[in-house]
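**Q** output the structure for:
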Amino acid sequence: MSAHEAYVVNDFLYDVTDLLVKPQDEDPYQTTSAHVAERIRRLIGTGQLAPGARLPELDLAEQFGVSRGPVREALFLLARDGIVVILPRRGAHVFNPGIADIEDIYDVRAALFALAARRAAESGNRRVLELIGRGVALISEIAAKADTDIATFLSMRTALGGLVLEAAGNRRLAEEISRMNMLAVTHVRIFEGLERRIESAAIWTDIFDRLRARDPDGAAASASRLVMTARDALVRRLKEEKRQRRAET
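**A** Okay, here's the model as predicted:
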């Protein structure tokens, strides 16, 4: 990806953030533990903390420059949402979903995102639609480039998803989708391949076309397909990795 393309992508992501981050989201009185929980959540969401990764309290306290108390409270907050698992005498680690978990989580994600796309198509929010159009054009361009890093591609997908939720206008729906997305953190790996990125970008183009046409049924169907194709690709990969481990033993 060229320097110009990176600039255009960052400019788009800045505009999305400017639209999506509301004043009430920036809580100056947020507790230290809640702040630490949010930072850990971001590390998990971007793949910097992989599924199954251990979360030693002391290491995290040093990394974030806080005492162990807020870290411990943050891990309990994340455990409550299912993002982190805490085991007696073994400490905390990032939730590592199995194949059955993935199938269940993605079924729910598909239904929720389809509902969001339906509501977004019904709303016809022009400002959001213009941004989605910009984003779809960008993601289609960078998806086909072998030198596009996963983090950039995932940031674009996350931004587009956030815009659909903004157009849907349902805060509780957005919160639940965000939580389910965190439980599906293993999906990061399926976008390492060029073919999978191109497929995802093509479906996003179809979602945009349906939103622009004010076609709720079509938008919902395309949104569901986006999630379910990701699920199928991930399940295939997990099954193949499982077969390889068995062959090595």
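**Q** so what touches stretch 32-52?
**A** If you take C-beta atoms under 8 Å, 6 or more residues apart in numbering as the criterion, stretch 32-52 is touched by 30, 55, 60, 64, 66, 69-71, 73-75, 77-78, 83-84, 93-97, 150-151, 154, 158, 181-182, 185-186, 188. Heads up, the C-betas are built off the backbone N, CA and C, glycines and all.
**Q** pull out the buried positions in that stretch.
**A** Within stretch 32-52, the residues that count as buried by 16 or more other C-beta atoms under 10 Å are 33, 36, 37, 40, 41, 43, 44, 45, 47, 49, 51.
**Q** what's near enough to touch residue 82?
**A** Residue 82 neighbours (C-beta under 8 Å, 6+ apart): 95, 179, 183.
**Q** which stretches of the chain have low pLDDT?
**A** 22-30, 185-190 (pLDDT under 70).
**Q** for it, which segments count as helices?
**A** For the chain, applying DSSP state H gives helices covering 3-20, 32-45, 57-64, 68-80, 99-123, 126-143, 150-168, 171-183, 194-212, 216-248.
**Q** which parts of the longest one are buried?
**A** Neighbour-count burial for helix 216-248 flags 216, 218-224, 226-231, 233-235, 237-238 (criterion: 16+ other C-beta under 10 Å).
**Q** repeat for the first one
**A** Of the residues in helix 3-20, 5, 8, 9, 12, 13, 16, 20 count as buried by neighbour count, 16+ other C-beta under 10 Å.
**Q** for the first one, give its distance to residue 16.
**A** Read that as residue 5. Using C-beta to C-beta, to the nearest Å, residue 5 is found at 17 Å from residue 16.
**Q** the contacts of stretch 32-52, buried ones only, as a PyMOL selection?
**A** To isolate in PyMOL the members of the contacts of stretch 32-52 that are buried, counting by 16+ other C-beta under 10 Å, one can use:
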select buried, resi 55+60+64+66+70+71+73+74+75+77+78+83+84+93+94+95+97+154+158+181+182+185+186+188
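**Q** quick one on the thing from earlier: which of the buried residues of stretch 32-52 sits closest to residue 242?
**A** residue 51 (14.4 Å; C-beta to C-beta).
**Q** next, the closest residue to the closest one other than its chain neighbours: phi, psi?
**A** Once flanking residues are discounted, residue 51 sits nearest to residue 96: 4.0 Å by C-beta to C-beta, 6 or more residues apart in numbering. Dihedral angles of residue 96 (phi, psi; degrees, to the nearest 10) stand at phi -120, psi 90.
**Q** ok, now residue 214?
**A** phi 60, psi 50.
**Q** roughly how far does it sit from residue 118?
**A** 11 Å.
**Q** so the two - more neighbours on which side?
**A** residue 118 (22 against 13; other C-beta atoms under 10 Å).
**Q** residues contacting that one?
**A** Residue 118 neighbours (C-beta under 8 Å, 6+ apart): 168, 216, 217, 219, 220, 223.
**Q** show me which pair in those is furthest apart.
**A** Longest span within the contacts of residue 118, C-beta to C-beta: 168 and 217, 15.1 Å.
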